[in-house]
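**Student:** The following comprises the amino acid sequence and a computationally predicted model.
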Amino acid sequence: MNENELRNRPASPAPPPSLKHELRTPLNHIIGYCEMLTEEAQDGGLTKFLPDLERIHAAGHQLLGVINEVCDPVKLPVYQANPGLIDHDIRTPLNQIIGYAEMLQEEARTAGHGSFVTDLERIHTAARELLRRVLLHFAPAPQTGHASEGATTIFRRHSPSRPVVAPALTGKLLVVDDDEGNRVMLARRLERLGHQTILAKNGREALNKLRAEPFDLMLLDIQMPEMNGYEVLEVLKADATLSQIPVIVLSASDEIERVARCIEMGAEDYLPKPFDAVLLRARISACLEKKQLRQREREAFEALQQSQKILSDELAEAAQYVRSLLPTPLESGPVRTAWRFQPSTQLGGDAFGHHWLDETHFAFYLLDVCGHGVGAALLSVSVLNTLTNRTMSGVNFLDPAAVLSGLNRTFAMEKQNNLFFTIWYGVYATDTRALAFASGGHPPAVLMAPDTAGSGGQLLSVPGPIIGGFPEARFTNGSRTLAPGSDLYVLSDGAYELARPDGTMVQFEDFTAQLAMSGSETRLDSILNWAQAVRGGAKFEDDVSLLELRFT
């Protein structure tokens, strides 16, 4: 509305006598609850709340003075002749009251002061009600049927949520406005707040400057020649190198639909003309803080990606090292071996091995450390090296029970970051065909003898506790004479503790039945294929380890 229209606009009717009471009622709530909260804060030692309560109280008394003037028949014509004056004089302190009330509610809620939260909500509600009544009686003629509602919505959307102080962050700002007076005035305000400013008189010039040097924020007018604000936003949105620059739209206060369109096109916020110092500081500070936060998030994400890559590479290297320690299959001789190892998505704790103790005794074993990760893998490697190099002093490695007792003493879980493991250990004598074995909390081995292969095999296991859990644990040996042509399968629990897609679990009996159905030459691959089919294509949750021994 220009000056002639404003002068010729019909004067608003004089306010009704009850208006002063109507406006002062919510204001009395604001001041009254604020004074009570101030007393409670002083009595309760909650001094951190006092500065913001004092700001609310001061803003309330400022509002009181404005309302008294608005309801004074002598001074009312001043406001009637200048509708924007009441909008400014009332919205500014209301902005502060609402903003501080919202901020204090968050702080009080976090600190567990429920009574404070309740009274601050009453202040907040009273401020909203006061705004509604002011808009009802004094809002200028709207452009659309919902201007008052829109104004309230926009106001609520951007009420400050922090104390109004000079911004902690400063930046390099591009001010874009076709009016030179507006550009210079806004630049001077921004520079007083510590910002560096560059000016552009239209959208095309602004884009050239954005491409030439970096900026932290752009303040963009909507109505400009050559290239207006909408067109600038459209270019920014389509340009990956410019799309991250935050934009605050400069708009007349009654251009709600235009503001909404700009927000939809990617603008961060808006500033109404004429500029309010409180809003100017608050909205620019908020945008710079969000930009800095996004930059930190990008840097943190990139650092996380780099860290994950390094960790992934190290885990892959560790997994390759563990795999390199696994034994070479034996394809000839009185004992022939083969194995399958399917690791899970994580570095696990499965390990197995075999070697000759002397000319007639062949030792073999499979262990499974609890949990996953580097710790489990390191422990499994330590145990594997201990068995391979026979480094436990005083232990007879021909005696499986003695080996498990030695491991239980050597790898006590309180010395291994509370990690324990299970193991199946066997020693086969080629001259007598006798197999001695012991188990420490491990699943049974499955013997497929020529005369029992079709029945699902025989389970070889003896009772024994986990390794490392109980210092005084005792282990015993089991024995079996193996017929020529017997096959023995030592396994980890990952080979049968399989979850189907429907959530049900495979049982050990399902594993042995599948083993019995497989041909003797294809059992390892058959079991692995079966396990993969059970998982329905999903990756294994645990390592799958299968060691096959054929006694010829």
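**Tutor:** Everything's here; your move.
**Student:** lowest-pLDDT helix or strand in the chain?
**Tutor:** Within the chain, no helix or strand scores below helix 147-157, which has a mean of 34 by mean pLDDT, DSSP states H and E.
**Student:** contact partners of the very next helix or strand once past it?
**Tutor:** Scanning forward in sequence from helix 147-157 by DSSP states H and E, the next helix or strand is strand 172-176. Strand 172-176 is touched from outside by 183, 186-187, 190, 195-203, 205-206, 209-210, 214-221, 224, 229, 232, 284, with contacts defined as C-beta atoms under 8 Å, 6 or more residues apart in numbering. C-beta here means a position set from N, CA and C on the backbone, and glycine is covered the same way.
**Student:** And these, which of them are buried?
**Tutor:** Using 16 or more other C-beta atoms under 10 Å as the burial test, these include 183, 186-187, 190, 195, 197-203, 205-206, 209-210, 215-221, 224, 229, 232, 284 as buried.
**Student:** In helices only, show me the residues you listed.
**Tutor:** The members of the buried ones among the contacts of strand 172-176 that map onto helices under DSSP state H are Arg183, Leu186, Ala187, Leu190, Gly203, Glu205, Ala206, Lys209, Leu210, Gly229, Val232, Ile284.
**Student:** Serialize those to a markdown table and add fields for distance to Leu379 and pLDDT.
**Tutor:** A markdown table is the format used below for those (distance: C-beta to C-beta, whole Å; pLDDT from 0 to 100):
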| residue | distance to Leu379 | pLDDT |
| --- | --- | --- |
| Arg183 | 69 | 82 |
| Leu186 | 66 | 82 |
| Ala187 | 66 | 86 |
| Leu190 | 62 | 87 |
| Gly203 | 65 | 93 |
| Glu205 | 67 | 94 |
| Ala206 | 63 | 95 |
| Lys209 | 61 | 95 |
| Leu210 | 57 | 95 |
| Gly229 | 64 | 90 |
| Val232 | 62 | 94 |
| Ile284 | 57 | 90 |
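**Student:** Max pairwise distance over those residues: which two?
**Tutor:** Among these, the pair separated by the greatest distance (C-beta to C-beta) is Glu205 and Ile284, at 21.2 Å.
**Student:** Was I right to think Leu46 contacts Glu40?
**Tutor:** Yes - with contact defined as C-beta atoms under 8 Å, Leu46 and Glu40 form a contacting pair (7.4 Å).
**Student:** what is in contact with the two at once?
**Tutor:** What both Leu46 and Glu40 touch, as defined by C-beta under 8 Å, 6+ apart, is the set Phe116.
**Student:** Can you identify each of the helices in the stretch 451-552 of the chain by residue range?
**Tutor:** 508-517, 523-534 (DSSP state H, counting those that start in this stretch).
**Student:** actually the stretch 301-450 of the chain, sorry about that
**Tutor:** For the stretch 301-450 of the chain, applying DSSP H, counting those that start in this stretch gives helices covering 374-389, 400-410.
**Student:** Where does the prediction get shaky in the stretch 1-150 of the chain?
**Tutor:** Scanning the stretch 1-150 of the chain for pLDDT under 70 picks out the ranges 1-18, 21, 76, 79-88, 138-150.
**Student:** before we move on, back to that, got a markdown table for the ones in helices among the buried ones among the contacts of strand 172-176, with distance to Thr170 too?
**Tutor:** Rendered in a markdown table, the data for those read as follows (distance: C-beta to C-beta, whole Å):
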| residue | distance to Thr170 |
| --- | --- |
| Arg183 | 19 |
| Leu186 | 15 |
| Ala187 | 14 |
| Leu190 | 9 |
| Gly203 | 25 |
| Glu205 | 24 |
| Ala206 | 20 |
| Lys209 | 19 |
| Leu210 | 19 |
| Gly229 | 24 |
| Val232 | 24 |
| Ile284 | 9 |
